[in-house]
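**Q** the sequence and its predicted three-dimensional model are supplied below.
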Amino acid sequence: MVIFARVRYNGSMDTKTCRTCGQTKLLSSFTRHNGNAYKPDCKPCRAERLRHAGGSKATPRTFDRDVERRRKAAYRAKYPEKAAAQVQRQSARVRLNAAQYLWQKAKERAQRKGVPFTITPADVVVPDVCPALGMPMEFGGGNEGRENSPSLDRINPALGYVPGNVQVLSYRANRIKTDATIAELRAVVAFLDRIVS
């Protein structure tokens, strides 16, 4: 058995050749794997490879939203049938527990934006009809049904996601409301009345 180890480690029990850089280095330059074996790359080459491949515990991967969007768009263009089936499966899962889904997405947004978040899934009540626009609410597949999809709204955005400050509106109503005040919304309605009338 010692003979195999010497052959494997270039004739010396204390060295090994890195498959990436080709240098013969001490075994202490390699990460142990499965007890007696060592990884094929030295620690510096392995760290560099992990950094470019998506990270490790030591070097966490940073999420680039634009890169992820381009990757998903390329996948949808290459495999349209698979992408459509995936959207349908996701929509079916979301429909089963809409309140949980909206709560989870709101929690992720709150963490990302540093907004207070103390609601529970029980605080999220999904009505059948949008209370603002009166349109029936449904989770759509992709972008085609997005306007009447349920959307969790903060009544007063400054307070965050706290009990009593959240309501479920259609995506369209929530987008219209975004950050407008009541006075601004009334001014827009008055303006549209003058133009249309």
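**A** Okay, I see it. Since we're looking at a predicted model, the values are computed, not measured. Numbers count the residues shown, from 1 in each chain.
**Q** can you show me the helices along the protein?
**A** For the chain, applying DSSP state H gives helices covering 2-8, 43-53, 65-78, 80-96, 98-113, 171-177, 182-196.
**Q** and these as a markdown table, adding mean neighbour count?
**A** Backbone N, C-alpha and C define where each C-beta goes, glycine included. Output for the helices of the chain, formatted as a markdown table (neighbours: other C-beta atoms under 10 Å):
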| stretch | mean neighbour count |
| --- | --- |
| helix 2-8 | 10 |
| helix 43-53 | 14 |
| helix 65-78 | 10 |
| helix 80-96 | 13 |
| helix 98-113 | 15 |
| helix 171-177 | 17 |
| helix 182-196 | 10 |
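**Q** which one of these lies closest to Phe30?
**A** helix 43-53 (6.7 Å; C-beta to C-beta).
**Q** who does the closest one touch, helix- and strand-wise?
**A** strand 30-33 (3 or more C-beta pairs under 8 Å, 6 or more residues apart in numbering; DSSP states H and E).
**Q** so how far is the strand it packs on off the chain centroid?
**A** 32 Å (C-alpha atoms, centre = their mean, to the nearest Å).
**Q** dump it to CSV, keeping only the CA atoms.
**A** Backbone C-alpha positions of strand 30-33 (Å, rounded to 0.1, in the frame of the first residue of the first chain) are rendered in CSV as follows:
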residue,chain,number,x,y,z
PHE,A,30,-3.8,20.3,-0.4
THR,A,31,-7.2,19.9,1.2
ARG,A,32,-7.9,16.4,2.7
HIS,A,33,-10.7,14.4,1.1
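**Q** and it, which strands flank it?
**A** Using DSSP bridges, the strands paired with strand 30-33 are strand 37-42 (antiparallel).
**Q** any regions of the protein where pLDDT drops low?
**A** Low-confidence segments of the chain (pLDDT under 70): 1-13, 35, 53-63, 140-145.
**Q** nearest to Phe139, out of the helices of the chain?
**A** Of all these, it is helix 80-96 that lies closest to Phe139, at 5.0 Å by C-beta to C-beta.
**Q** can you give me the angle that closest one makes with helix 65-78?
**A** Counting by axes from the mean of the first three to the mean of the last three C-alpha atoms, to 10 degrees, helix 80-96 lies at 120 degrees to helix 65-78.
**Q** and the angle for helix 80-96 with helix 98-113?
**A** 100 degrees.
**Q** could you export helix 80-96 as CSV, CA atoms only?
**A** The C-alpha atoms that make up helix 80-96 are tabulated as CSV, following Å, rounded to 0.1, in the frame of the first residue of the first chain:
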residue,chain,number,x,y,z
PRO,A,80,-39.5,27.0,-24.6
GLU,A,81,-41.6,23.9,-23.9
LYS,A,82,-39.7,23.1,-20.7
ALA,A,83,-39.9,26.7,-19.6
ALA,A,84,-43.7,26.9,-20.2
ALA,A,85,-44.2,23.6,-18.2
GLN,A,86,-42.0,25.0,-15.4
VAL,A,87,-44.1,28.2,-15.2
GLN,A,88,-47.3,26.1,-15.1
ARG,A,89,-45.9,23.9,-12.2
GLN,A,90,-44.8,27.0,-10.3
SER,A,91,-48.2,28.7,-10.8
ALA,A,92,-50.0,25.6,-9.5
ARG,A,93,-47.8,25.4,-6.4
VAL,A,94,-48.3,29.1,-5.7
ARG,A,95,-52.1,28.8,-6.1
LEU,A,96,-52.2,26.1,-3.5
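**Q** sounds good, over and out.
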